[in-house]
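Trainee: Quick one: sequence plus predicted model below, questions after.
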Amino acid sequence: MDEVALTAAGLYAIVLLRAGGTFAVGWLAGAGARRGRLAERISTPKFQRAERAIQRWGAPVVAVSFLTVGFQTAANFLAGSMHMPLSRYLPALFVGGAGWALVYATAGVGALKLLARLFAEQTVLGAGVVAGLLLAMIGVMVYRRRRAASVKRNTAADES
């Protein structure tokens, strides 16, 4: 079997279990999620945007959410907590999950082949590329944490 097809099949199984599980947790949490300790977590702007989008557009938002980073979990959890009917959720999960698996399988296998070739032909350049990617990821994480801390400080200062 072709490695992209095999990778896509594996990723598809993973995304169905992960997103379906997130939906199930949201379903079980239901309205209680808005009153308990989880309420603070789902009152973030990301969750609020996801909830407004799901209320307005429904299941297509869940399907499209698989092509985003970070929005996917919020969309699946909120679809569950809003008790979206399975007859609407499952087609969105199957279509969106298939798209996600295909994108990540093709891009992932392509990137791994490129890195393997780069390491085989020019090891120093390959190591430099990997180091650069790691530094970029660390930089993004530090920037996001500092920005979140700054927003939190500003919000606390405004409230006092």
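Mentor: Sure thing, it's come through. Residues are numbered from 1 along each chain as shown.

Trainee: My guess is S81 contacts G30. True?
Mentor: Yes: S81 is within contact range of G30, at 5.8 Å (criterion: C-beta atoms under 8 Å). For glycine as for every other residue, the C-beta is placed from the backbone atoms N, C-alpha and C.

Trainee: Contacts for the host helix or strand of R49 next, please.
Mentor: With elements taken from DSSP states H and E, the one containing R49 is helix 45-57. Outside of helix 45-57, the residues within contact range by C-beta atoms under 8 Å, 6 or more residues apart in numbering are 41, 61-62, 65, 70-71, 74-75, 77-79, 82, 84.

Trainee: swap in stretch 22-31?
Mentor: 33, 38, 73, 76-84, 89, 93.

Trainee: Need the phi and psi values for V69.
Mentor: phi -110, psi 120 (degrees, to the nearest 10).

Trainee: pull the helix or strand with minimum mean pLDDT from the chain.
Mentor: Per-element confidence for the chain was summarised using mean pLDDT, DSSP states H and E. The lowest value among helices and strands belongs to helix 38-41, with a mean of 67.

Trainee: if we can go back for a sec, neighbour count winner among S81 and G30?
Mentor: Taking other C-beta atoms under 10 Å, S81 and G30 do not tie; S81 has more neighbours (24 against 12).
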